[in-house]
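Chemist: Coordinates for the following, if possible.
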Amino acid sequence: MIIDLKDNERIDDLQRNGYQIIQKQNGFCFGMDAVLLSGFAQVKPGERAVDLGTGTGIIPILLEAKYDGIHYTGLEIQEEVADMAKRSVVLNHLENKVSIVTGDIKEASRLFGAASFDVVTSNPPYMNDAHGLKNPDLPKAIARHEVLCSLDDVTREAARLLKPGGRFYMVHRPHRLIEIVTALKGYGLEPKRMKMVHPFVDREANMVLIEAVRGGKSMIKVEAPIIVYKEQGVYADEIYTIYGY
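Modeler: Sure thing, here's the model as predicted:
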């Protein structure tokens, strides 16, 4: 299929199911965190999933490639970015399985209705005002800093969107782990699985993957960590598996 690309756009091969994605050549592109989240999350046959702050739609598209969920939705507030995601859906002939909605995370439960999904995923902005300088490029700043939504907004809306027993999957930064757990439990989302991600075996973790269950019992499983590189520039075998190579 021929898709019209706009200025400064390119098509990247996702190396899975022949799928491709449209991204900005010099703009914010999906990273390792989104790929790891798609590998950590699970969608069962017949389930509906929504990704909050979907960007170019990478997580719904990758989840559709891996699982037999009935439908996948991506919610993105930036119209230009959401338009790229919508065109990527068409590019991959996924119109019947993946929908991209332009809207605000803070209004997600109003847009979709309460208890309307089995699975919620999110790769939210990591930095609040106390951490780091905001990127002068607004789309990048929105993706990385809590400019338009906060951790509290994401967890609150995830809890409202989930059916009882539904699962929330999130990737975030370990230095905010106490905040994350506090926010999850405050909205009735019980952390059930956690996995740390280390760039190298001798480096401290720079990402954390968390699964929480709406109304779950209090017990968490800390899984073996992911080590991204076995040496400089060479991915560990697990990373190739997650990417689908």
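Chemist: Please compute how far stretch 165-179 lies from its chain's middle.
Modeler: 11 Å (C-alpha atoms, centre = their mean, to the nearest Å).
Chemist: now do stretch 73-87
Modeler: Using C-alpha atoms, centre = their mean, the offset of stretch 73-87 from its chain centre is 14 Å.
Chemist: Tell me the buried residues in it?
Modeler: 73-78, 81-87 (16 or more other C-beta atoms under 10 Å). Bear in mind the C-beta positions are built from the backbone N, C-alpha and C, glycine included.
Chemist: who's in contact with it?
Modeler: By C-beta atoms under 8 Å, 6 or more residues apart in numbering, the surrounding residues in contact with stretch 73-87 are 3-4, 9, 22-24, 48-57, 59-60, 98-105, 108, 111-112, 117, 139, 142, 148.
Chemist: just the buried members of the residues you listed?
Modeler: 22-24, 48-57, 59-60, 98-102, 104-105, 108, 111-112, 117, 142, 148.
Chemist: Tell me which of those residues fall in helices.
Modeler: 59-60, 108, 111-112, 142 (DSSP state H).
Chemist: CSV please, covering the residues you listed and showing pLDDT and distance to residue 14.
Modeler: Converted to CSV, these look like this (pLDDT from 0 to 100; distance: C-beta to C-beta, whole Å):
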residue, pLDDT, distance to residue 14
59, 96, 11
60, 97, 12
108, 97, 26
111, 97, 27
112, 98, 26
142, 43, 23
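Chemist: Of all pairs in those, which one is the farthest apart?
Modeler: 112 and 142 (20.9 Å; C-beta to C-beta).
Chemist: re earlier: so of the contacts of stretch 73-87, which ones are in strands?
Modeler: Judged by DSSP state E, strands contain the following of the contacts of stretch 73-87: 9, 22-24, 48-52, 98-102, 117.
Chemist: quick one: stretch 153-171 to chain centroid distance?
Modeler: The answer for stretch 153-171 is 12 Å, by C-alpha atoms, centre = their mean.
Chemist: For the protein, give me the ranges with low pLDDT.
Modeler: By pLDDT under 70, the low-scoring segments of the chain are 1, 126-148, 245.
Chemist: any chance you could map the helices in it?
Modeler: Under DSSP H, the chain gives helices at 32-40, 58-66, 79-91, 108-112, 138-144, 151-161, 177-186, 237-243.
Chemist: Tally up the residues packed near residue 93, please.
Modeler: 11 (other C-beta atoms under 10 Å).
Chemist: Please tell me how far it sits from residue 18.
Modeler: According to C-beta to C-beta, to the nearest Å, residue 93 stands 10 Å off from residue 18.
Chemist: cool, residue 82 as well?
Modeler: 23 Å.
Chemist: now do residue 95
Modeler: 16 Å.
Chemist: what does residue 64 give?
Modeler: Residue 64 is 13 Å from residue 18, by C-beta to C-beta.
Chemist: Those two: which has the busier surroundings?
Modeler: residue 64 (24 against 10).
Chemist: Sweet, I'm off.
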